[in-house]
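# pasting a predicted model and its sequence here:
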Amino acid sequence: MTSLLINKDYKKFRYLFKNSKNLFAGKYSSKLKGQGVEFCDLKVYEFGDDVRKIDWNVTARMNVPFVREFLEEKDASHYFLIDASGSMFNKLDEIKKLVSTLIFACNGFSDNFSVVICRKNFLKVVPLSKGKKHLIRCIYELSELKEEGFGDINVGLKYLLSTIKKNSVISIICDDLDLADDTLSFITALKKRNKVSYFNFYNSTELEFDLGLDVFTDSESGEDVMYDLDDDEVYEIILSFNNKLKNCEKLIKRTGSKYFNFDCKSSVVDAMRLERFEI
């Protein structure tokens, strides 16, 4: 039964990727920069070698021209950090579509990718790898993804800081608009040696209130609170939300990271057409 469900989700996400495949044309960013990533060895100059790679210090000592060789690492490493706290209950479907589309694109480029899920009491990690089997494993974890109570995105950020060395592509998928100083510090530290994108998910239908007495439930704590709303209070709530949205974008961009807004009221594919990002 489980294999049938995985196969069903795999086909569904693959179909979604095919419909959005043209969005990734020209968006690939190789890990390879310049002549290579890491110095490997020296060799005697041969006709046809790039003269720009000549090591003049060694050449002067040996009286024979030597050129530097570099270890070229072209495969990029992608990490997808997903907040699975209770507040994501009406956003997870669109998040699954986004992440599955991106990992299908990574697989198409033969890149490595990893999925890191922040839940209430633990961190679920699908280690960095590549290939179809790894893709199916990630699809399975996404299909099983459910929101659960309180979540702390900082746990996932700390894990990435302790795991990633450099030159990786990190996508943070979250709905947290009130970013703590620690969170911003972790994102800044990751950005120093990696490419970081912050995908903020929200649902504009959450701002559609009934006037008068209404009960609201905290999706993370489960606590019910009753409010008596009038037009002015609804206006203030919407205004406060929009201000938080703008402030979150400003803080993320200040770290040097890229910022993307996704309204779950519209489809992910439509949102990706409007947003500009590299894979």
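Sure, I can see it. From a predicted model like this one, the values you see are computed outputs, not experimental measurements.
# distance of the closest residue to Asp111 other than its chain neighbours from Ile164?
Closest residue to Asp111 apart from its sequence neighbours, by CB to CB, 6 or more residues apart in numbering: Ala76 at 4.7 Å. To be clear about C-beta, it is placed using only N, CA and C from the backbone, and glycine gets the same treatment. Distance, Ala76 to Ile164, using CB to CB, to the nearest Å: 12 Å.
# still on that earlier bit, around the residue nearest to Asp111, how many other residues sit close by?
Using other CB atoms under 10 Å, Ala76 has 21 neighbouring residues.
# repeat for the one 5 residues further on
The burial count assigned to Leu81 is 26, neighbours taken as other CB under 10 Å.
# ok so it is a strand residue?
Yes. Under DSSP: H, G, I helix; E, B strand; the rest coil, Leu81 sits within a strand.
# that one is in contact with Asp176, isn't it?
No. With contact defined as CB atoms under 8 Å, Leu81 does not count as touching Asp176 (11.9 Å).
# got any residues that touch both of these two?
By CB atoms under 8 Å, 6 or more residues apart in numbering, Leu81 and Asp176 have these common neighbours: Ile153.
# now name the helix or strand holding the closest residue to His78 other than its chain neighbours.
Leaving aside its sequence neighbours, His78 sits nearest to Phe113 (CB to CB, 6+ apart; 4.3 Å). Phe113 belongs to strand 112-118 when assigned by DSSP states H and E.
# can you list the strands that that strand pairs with?
Strand pairing for strand 112-118, determined by DSSP bridges: strand 77-83 (parallel), strand 123-129 (antiparallel).
# put the alpha carbons of the first one into PDB.
Written as PDB, here are the backbone C-alpha positions of strand 77-83 (Å, rounded to 0.1, in the frame of the first residue of the first chain):
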ATOM      1  CA  SER A  77      24.500  20.800  -3.300                       C
ATOM      2  CA  HIS A  78      20.900  21.900  -2.400                       C
ATOM      3  CA  TYR A  79      19.400  21.800   1.000                       C
ATOM      4  CA  PHE A  80      15.700  22.300   1.600                       C
ATOM      5  CA  LEU A  81      14.900  23.300   5.200                       C
ATOM      6  CA  ILE A  82      11.100  23.000   5.900                       C
ATOM      7  CA  ASP A  83       9.300  24.400   8.900                       C
END
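# tell me which residues in the helix or strand that it is followed by are buried?
Counting by DSSP H and E, the element after strand 77-83 in chain order, helix or strand, is helix 92-108. Of the residues in helix 92-108, those with enough neighbours to count as buried (16 or more other CB atoms under 10 Å) are 92, 94-107.
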